[in-house]
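Colleague: Would you be able to build a 3D model of this:
(one chain, ligands or ions: 2)
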Amino acid sequence: MSGSLSMRVELMKQIANEPVVDLRTVGIALTLRCNFQCAHCITESGPENRQTIDKSQALALIDRIACESENICFTGGESFLRRNDLFVCIARARELGLNVSAVTNGFWAKNDEQTRETLHRLAECGLSGICISLDRFHLPFVEPSNALRIARLCQEYGLNHLIRVCATVDDEFAEELINPGRYPGVNFQRVRVLKMGRAVHLPAHSFKSSPEFPDGCCSTVRSPIVLPGGLVQACCGPGVHFREKNPLNLGNWKNEDLSTILRRARTSPLVMALYSFGPKRIAELLDSVSHYDNVRQRPQYTGICELCVDMCNQENTVAVMERVLCQPEMSMKLIASIAYQQSFRYLDRFDYMDLPE
Ligand code: SF4
Ligand code: SF4
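Modeller: Ligands and ions are numbered 1, 2, ... in the order given. Below you'll find the model as predicted:
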């Protein structure tokens, strides 16, 4: 092999080993404890959940996250229950050049004075934006005025804000809250309640369901989450339903370097396929390429996550997916598709905060 050819081969190998997926953000749950216990909570957080990441561990993890992502989101549980540690962690993340966001239920925003004091500290530490969750399931625990107060006062401190409203079918609270013109200057994001975590116990009429495989790509799969127990999962939320060998369980930060674990997501054909094609199209591929049609695990679906979790929890299906998605032509299609989509993607001011709590 001539010198220049061997150099080119070496270069191609390096390119092939480089991460392709640009992580949207990395979530870190300093705690899964929450002072609320919402009936739809996907992470099944509540006062009894005592899982936490201590401050020194969190700082070390943030250092590794900065190697793989431009954005970090402090989520939970309710990370503001660890207020002082949260401030320290935000400041470290910002020092490392990360865009920093945080998710909260807003329990601390009882009046303007307390809210201003907290927002001032957050802005000093370098927070970019705050996402406040508010929906009808929060109402037994908090006044809606808390979230609206945070949204209003964020502007004084140059902080972006977003009120995320989880809504079921025919959700009157969500309709009224998001009613255009009712709260000028307040940014709302309406998302569907996923029938996962504690929400599996909500009445059936809360969800739209269909026997068809649900269609759609997954953008959340580019937002992995670092959990207190050690687990790092490829997406935030539905992971409570992942079985141990589910490939969306990326690794355990207590046993392995977090940067290595996150790179696993950034080079994973499955992550690329979920982002580019979505679970339904992957199921169709398995059928057309390998005549594998053993994906269905339930008669009705309420969203793509149910199909995805079922597929990725089945070892047989995962083995076929790995074979099909790693074929050379398919790998090239996946890389091209990711590169194409990422070239068009722009990070708007809320994009990196788009994490389900
Ligand atoms: S949805 Fe949010 S506020 Fe409610 S229990 Fe879960 S983490 Fe806490
Ligand atoms: S579709 Fe799969 S990867 Fe995406 S959020 Fe749902 S469970 Fe996670």
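
Colleague: Give me the neighbour count for whatever residue of the stretch 51-200 of the chain ends up closest to ligand 1.
Modeller: When distances are taken as Cβ to the nearest ligand atom, the stretch 51-200 of the chain reaches nearest to ligand 1 at Asn105, 3.6 Å away. C-beta: built from backbone N, CA, C; applies to glycine. Asn105 sits with 25 neighbouring residues when counted by other Cβ atoms under 10 Å.

Colleague: Identify the residues contacting it.
Modeller: Applying Cβ atoms under 8 Å, 6 or more residues apart in numbering, we find Asn105 in contact with 34-36, 78, 132-134, 138, 141-142.

Colleague: Just the ones of those residues in strands?
Modeller: Using DSSP state E, 132-133 are the members of the contacts of Asn105 that sit in strands.

Colleague: Return the closest of the contacts of Asn105 with respect to ligand 2.
Modeller: Closest to ligand 2, out of all of these and judged by Cβ to the nearest ligand atom, is Ser133, at 17.1 Å.

Colleague: Next up, the contacts around the closest one.
Modeller: So Ser133 contacts 103-106, 147, 163-164, 166, 357 (Cβ under 8 Å, 6+ apart).

Colleague: Partner strands of the lengthiest strand in the chain, with direction?
Modeller: What stands out as the longest strand in the chain, according to DSSP E, is strand 160-167. Next to strand 160-167 in the sheet, as set by DSSP bridges, lie strand 129-133 (parallel), strand 188-192 (parallel).

Colleague: Could you check the ones you listed and tell me which one is nearest Leu258?
Modeller: strand 129-133 (22.9 Å; Cβ to Cβ).

Colleague: Now do the closest one, average pLDDT.
Modeller: Mean per-residue pLDDT for strand 129-133: 97.

Colleague: Assign a three-state SS to the residue sitting nearest the centre point of the chain, would you?
Modeller: Nearest to the geometric centre of the chain sits Cys236, at 3.6 Å (Cα atoms, centre = their mean). For Cys236, the assignment made with DSSP: H, G, I helix; E, B strand; the rest coil gives coil.

Colleague: and the stretch 101-250 of the chain, which of its residues are near ligand 1?
Modeller: 105, 133 (Cβ under 6 Å from any ligand atom).

Colleague: Please list the residues of the stretch 101-250 of the chain that sit near ligand 2.
Modeller: 218, 220-221, 234-235, 238, 248.

Colleague: okay, those residues in CSV with distance to Ala283, neighbour count and pLDDT next?
Modeller: Formatted as CSV, those follow (distance: Cβ to Cβ, whole Å; neighbours: other Cβ atoms under 10 Å; pLDDT from 0 to 100):
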residue, distance to Ala283, neighbour count, pLDDT
Cys218, 13, 21, 95
Thr220, 18, 22, 94
Val221, 16, 26, 96
Ala234, 18, 28, 98
Cys235, 18, 25, 96
Pro238, 17, 25, 94
Leu248, 16, 23, 98
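
Colleague: What is the nearest of those to Arg190?
Modeller: For these, the nearest to Arg190 is Thr220 (15.8 Å; Cβ to Cβ).

Colleague: From Phe213, how far out is that closest one?
Modeller: 18 Å (Cβ to Cβ, to the nearest Å).

Colleague: again with Val20
Modeller: To Phe213, Val20 is 26 Å away according to Cβ to Cβ.
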